[in-house]
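**Student:** Got a sequence here, can you model it:
(5 chains)
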Amino acid sequence: MALGSLDPVTTARVVLILALLAGALFFTFVSMVGVIRLPDVYARAHTASQADTLGAGFGLAAVALTLGWQGASVKTAILLFFIFVTNPTAAHAVARAAFEDGNVPWTEGDERR
Amino acid sequence: MSDTPGAGSDVDDAAAGSGDASDAPDVSDRPPIEPTYSGHDDRPHLSQIQRQQTPYTESQVIMSTVKVVAPFALTFGLFVTFHGADSPGGGFQGGAIAAAVVLMIAFAFGIDATREWFTNVVVVGLAVGGVLVFGGIGLVGLVDGGTFLEYARLPIPHPVKYGMEGVEILGIAPIVAGVLVGLFFLLAAGFDDRDGAGTETEIADATTDDATTEDDR
Amino acid sequence: MAPVANGRVVVPIEDTATLRATVAHVAAAAADGDVSAIHFVYLASWRDDDPRIDDRRTTAQDLLADAADWARYDLEDADVSENGIEIETALIAEDVYLFGPRQYAERLHTYADEHGIGTVVLDPEYTPVGNTTLLQPMEFELASTPLSVREAPVDRPSRRERLVSEITGPRFATVFGGSLAFYLVLGDPTYPFDLVTGVATALVVAISLSQVSLDHDPTLRESPLRLVRGLIYVPSLLLEILKSNVVVARVILSPSLPIDPTMTRMRVLVGSGLPVTTLANSITLTPGTLTVRARDADLYVHTLIPWAREGLFDGGLERWTRFVFYGREAARLPTPRERDDCAVLQGPDADEPMPFAATDGGPELDTHHESDEDRAPDTAAEAAPTAPGHHEDGDRR
Amino acid sequence: MSATVTAIEAALFVFVIATAVVTALARDVLSSIIVFGAYSLGMAALYTFYRAPDVALTEAAISAGVTTVLLLLTIAKTSRMNHEAVFERVDPTAALAVGGLCVVLLATVTQMPTVGDPTAPVYANPDVTGYYLENTYADTGVGNTVMAVLASYRGFDTFGEAVVVFGAGIATMLVLHREVFS
Amino acid sequence: MSIADLAIAGGYTVGDVLLVGAAGFVVLALGMLYRAVVGPTMQDRVLAVNVLGTNTVVILALLGAALDEPTFLDIAIVYALLNFLMAIAVSKFTVERGGVL
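**Tutor:** Residues are numbered from 1 along each chain as shown, chains lettered A, B, ... in the order given. Just a heads-up that it's a prediction; the model follows:
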């Protein structure tokens, strides 16, 4: 059966799932590009904590939408909460460790590391 | 790291709470310190060894996050333990998660504070108690004239199901949690908590009688 | 009690189980003639201009009065006339949020200097709010001042008693309720097995973690309000994250990579503990800015692009955090730029040097023309400390 | 599940093998441990994909949380050497020996049944697996067969394992000769 | 019938699409692995593994939705919690300060 033959609510839901999945992949892709491309650990921590968190948010939203109204969907909300609380803290911990280790942040004109 | 033993023990005393500051000769010698908003660097500097002995605490951001996350994580660990019967999980996994919570707290608050909170009695009690409960549940069947771990003879409703739950929850989970936390504490104590830390002789000392180190102090 | 430097002592107090015994100990020392002046001080964990702190101030003042009264009773009981002995109380540090043991120690030291005091007597249970179970750093920080420190030789109540005293409090109820709610959300609230095990779980969690997770008792009026205001905050934060993520994604994906990373410092006006964590994590979550250090009230923020830096200095997130924790009227404050509370630490227009030395006693590092190749990252922290150099010319607010 | 390898399986295999090789070859022990954490992430996803959530949960709880930390503590308390090179220099003889062993072991893989194959011995033997799968709920009243096997059918075995875990803890304490719990 | 079994186009179901999405996440994870391997600093490696952990959480959740096994979310929650432990533990150890605990 094709997508068009479904009732509008389900169609909208499927489209939304696909859109969220695409968003998740896009932002995780941005995160990956950033982690590989950016010049030093602080700059990498930016994308690692932010683009990736947003990507995870989109991905989990797609999962919640797929599961629909059942007990398990609550777990995606819990997951989202944990990720939004722990991810920035983890990035902060890493950046702080780098700072305590004496890494000077890269600035314009420095050699790429 | 060459350091005079005297300077090392000074910090040690202060940290240990005996705090008889009149013994510390260098306190009055220090230049008066102008209190600053965050004057970390104009304090008399600490050698590497001394710094190791200072209770190092994590940044308050990490501390607060651990404070928020820890109750949820422990609840989830116990949830996994309790729900081993009908969904993935069980005593082993739940016990490991609970132990991980203790580890998390140890990283945020420092090992000393954690050991003060999660005392030795609790650690050893969990491990030993778990084994005893597991064996005890097994022996009930034997006492009743059956075989070892014959849950059907337990004097409770749904004996088989709740017998298994009991073994998972009161037996395996505490053993795993207790042993993992115990191992963590053991490793964290390491070789270097004695004076002069970490040299070969110290490791040799650590394996000989403890009485010698009592004299050193 | 061993002779005290000049007979004048300061006792920082807090509502602890051993406070009474500590006061008795100091009074006994005074009765023996070792101590001629006793100053009880309460270090405020709030700021003067916080809304609705009158209750806490009153509580603190009552506690101070109690401590002074106890000391006088003890002196009377020992048949010592109190005339020769000076008993003072003070509520200090109301002008600033205190962060961590170092600032507590510094405040105590300032007070001691002003009143010619040479000794600090610590209640063994004294734990400055925000640093649960961490007396040792406080003692260590005090040890690096010229003050001599001693701990009142009071029997600590055993662990069990301490836990029991925690169990009665609202903290226990809060953690218990939170844990039970979380458990029932995970499980099935209509299934009796889940109810029973949920209560058991919540009991275990509350007994073990209520004293770890909460610094002070949640109040019935303020805490739910904060929760509601937090829920208002979440959507606006999400929108902010989404918006800046798109901007940063464009920067990262553009072939020329037009980034301008700079370390900045911003002094924020939020309390220690959860408020500053919320702010730091919000800053980190918003793309383009990353909290690298949260040292007391100073947040060291790494910014990726100038656009994010401007947004940071506008202080929108700081205002939101103040709204969540202190209410609507507290959110009206000048931006960090107007307050002159922000600084750029790198680049041609750097205002301040990078605070490496302040963090690990390492060598002073110049910020931007430091060649990175000749300094392996691992050895920087171990290098010998140099002479005391710069410190923040912080106006202590 | 067909016998062909799906996209996600292939990607996970590549990931797991890559992390395993890096873990083995990394010069610095600390980076080995960090990459080993990534390896456990891939393994957990793989277990999950093959519908072994119990194993995946164990992998997650033990490997991500506890093993990493215990290994870290061990190297922190002993000594860690810093090296310029990222990778270990490979000794050709040793590589040949290990490679040969791998080939021998991999040769047996072709003889293994595919995942979910109904003719695999583990399913085909009705006396053991079939019995567990069919009668667990009637016998014990629990839905998770893995747990029923562990705690009930093979309860004595599990008791032995629990005692082994306990004994291992005590033995470590004795070996380290630290009176931490005095 | 769960929405994961819903065929949308060319005989592929929503579950299939989610599985392909999960595979895409694994491929992205392979990219991050580059950073975990080459470093150059330890913090880079920790950071990369932390990102990998977040990715794994999403992969597990997607697998749970695609295969219609909601219990997989439990594993994802464990990872979300313990990934954080790993990040703070390792980052603390990468600071060459000794006596980290």
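
**Student:** And the pLDDT at residue D:8?
**Tutor:** The score at residue D:8 is 85. That number is its pLDDT.

**Student:** helix or strand right after the helix or strand of chain D with the lowest mean pLDDT?
**Tutor:** Taking mean pLDDT, DSSP states H and E as the measure, chain D has helix D:121-124 as its least confident helix or strand, at a mean of 69. Once the chain leaves helix D:121-124, the next helix or strand it forms, by DSSP states H and E, is helix D:131-140.

**Student:** Which positions within that next one qualify as buried?
**Tutor:** Across helix D:131-140, burial judged by 16 or more other Cβ atoms under 10 Å in any protein chain shown covers D:136, D:140. For every residue, glycine as well, the C-beta is placed using N, CA and C.

**Student:** for it, packing partners?
**Tutor:** helix B:159-166, helix D:145-148 (3 or more Cβ pairs under 8 Å, 6 or more residues apart in numbering or on different chains; DSSP states H and E).

**Student:** if you set the cut-off to 6 Å instead, what comes out?
**Tutor:** helix D:145-148 (3 or more Cβ pairs under 6 Å, 6 or more residues apart in numbering or on different chains; DSSP states H and E).

**Student:** Now do the helix it packs on: distance to the chain's middle.
**Tutor:** Between the centre of helix D:145-148 and the centre of its chain there are 19 Å (Cα atoms, centre = their mean, to the nearest Å).

**Student:** mind checking pLDDT for residue 9?
**Tutor:** By default, I'm working from chain A. pLDDT, read off for residue A:9, is 80.

**Student:** meant chain C actually
**Tutor:** 84.

**Student:** In contact with it: list those residues for me.
**Tutor:** C:35, C:38, C:119, C:121 (Cβ atoms under 6 Å, 6 or more residues apart in numbering or on different chains).

**Student:** Recalculate using a threshold of 8 Å.
**Tutor:** Residues near residue C:9 by Cβ atoms under 8 Å, 6 or more residues apart in numbering or on different chains: C:26, C:29, C:35, C:37, C:38, C:39, C:117, C:119, C:120, C:121.

**Student:** Name all residues that make contact with the residue nearest in space to the middle of chain D.
**Tutor:** The residue lying closest to the centre of chain D (Cα atoms, centre = their mean) is residue D:59, at 6.6 Å. Shown in contact with residue D:59 (Cβ under 8 Å, 6+ apart): D:40, D:43, D:44, D:47.

**Student:** May I see these arranged in TSV, with neighbour count as well?
**Tutor:** As requested, the contacts of residue D:59 are arranged in TSV below (neighbours: other Cβ atoms under 10 Å in any protein chain shown):
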residue	neighbour count
D:40	25
D:43	20
D:44	28
D:47	19
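
**Student:** and which of the residues you listed is nearest residue D:10?
**Tutor:** residue D:43 (15.5 Å; Cβ to Cβ).

**Student:** okay if I get the contacts of residue C:9 as a markdown table plus pLDDT, neighbour count and distance to chain B?
**Tutor:** As requested, the contacts of residue C:9 are exported to a markdown table (pLDDT from 0 to 100; neighbours: other Cβ atoms under 10 Å in any protein chain shown; distance: Cβ to the nearest Cβ, whole Å):
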| residue | pLDDT | neighbour count | distance to chain B |
| --- | --- | --- | --- |
| C:26 | 82 | 26 | 15 |
| C:29 | 81 | 21 | 14 |
| C:35 | 80 | 23 | 14 |
| C:37 | 83 | 19 | 18 |
| C:38 | 85 | 27 | 18 |
| C:39 | 87 | 20 | 17 |
| C:117 | 82 | 24 | 14 |
| C:119 | 82 | 24 | 8 |
| C:120 | 83 | 28 | 9 |
| C:121 | 82 | 24 | 10 |
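
**Student:** Restricted to helices, list those.
**Tutor:** In this view, the contacts of residue C:9 that belong to helices under DSSP state H are C:26, C:29.

**Student:** if we take the contacts of residue C:9, which one ends up nearest to residue A:17?
**Tutor:** For these, the nearest to residue A:17 is residue C:120 (62.5 Å; Cβ to Cβ).

**Student:** got a pLDDT number for the closest residue to chain D within the stretch 151-300 of chain C?
**Tutor:** The minimum distance from the stretch 151-300 of chain C to chain D, using Cβ to the nearest Cβ, falls at residue C:193 (11.8 Å). Here, the pLDDT recorded for residue C:193 equals 82.

**Student:** and what of residue D:105?
**Tutor:** Here, the pLDDT recorded for residue D:105 equals 91.

**Student:** Just the element for the residue nearest the centre of chain E, please.
**Tutor:** In chain E, the C-alpha nearest the mean C-alpha coordinate belongs to residue E:56, at 1.5 Å (Cα atoms, centre = their mean). Per DSSP H and E, residue E:56 falls inside helix E:42-66.

**Student:** That helix close to chain D?
**Tutor:** Yes: using Cβ under 8 Å from any Cβ of the partner chain, helix E:42-66 reaches chain D at E:42, E:45-46, E:48-49, E:52-53, E:55-56, E:59-60, E:63-64.

**Student:** Can you classify residue B:88 as helix, strand or coil?
**Tutor:** Here residue B:88 is recorded as coil under DSSP: H, G, I helix; E, B strand; the rest coil.

**Student:** Setting the sequence-adjacent residues aside, check what's closest to residue 74.
**Tutor:** You didn't say which chain, so I picked chain A. Nearest non-adjacent residue to residue A:74, counting by Cβ to Cβ, 6 or more residues apart in numbering or on different chains: residue C:185, 5.5 Å away.

**Student:** should've been chain E
**Tutor:** residue B:88 is the one closest to residue E:74 (Cβ to Cβ, 6+ apart), at 6.2 Å.

**Student:** just residue C:74 next, same as before
**Tutor:** In space, residue C:74 is closest to residue C:27, 3.5 Å off (Cβ to Cβ, 6+ apart).

**Student:** same deal with residue C:309?
**Tutor:** residue C:303 is the one closest to residue C:309 (Cβ to Cβ, 6+ apart), at 4.1 Å.

**Student:** for that neighbour, phi and psi?
**Tutor:** phi -110, psi 140 (degrees, to the nearest 10).

**Student:** Which helix or strand contains the residue of the stretch 151-300 of chain C closest to chain D?
**Tutor:** Assigned by DSSP H and E, residue C:193 falls in helix C:192-213.

**Student:** That helix packs against which elements?
**Tutor:** helix B:60-82, helix C:159-167, helix C:170-186.

**Student:** out of those helices, deepest packed?
**Tutor:** helix B:60-82 (a mean of 26; mean count of other Cβ atoms under 10 Å in any protein chain shown).

**Student:** and it, average pLDDT?
**Tutor:** Mean predicted confidence for helix B:60-82 is 88.

**Student:** same check, this time on stretch E:61-74
**Tutor:** Here the average pLDDT along stretch E:61-74 is 87.

**Student:** that older thread, run a quick check on the residue nearest to residue C:309 versus residue C:261, I expect a contact.
**Tutor:** Yes: with contact defined as Cβ atoms under 8 Å, residue C:303 and residue C:261 form a contacting pair (7.0 Å).

**Student:** Neighbour count: these two, which is higher?
**Tutor:** residue C:303 (27 against 24; other Cβ atoms under 10 Å in any protein chain shown).
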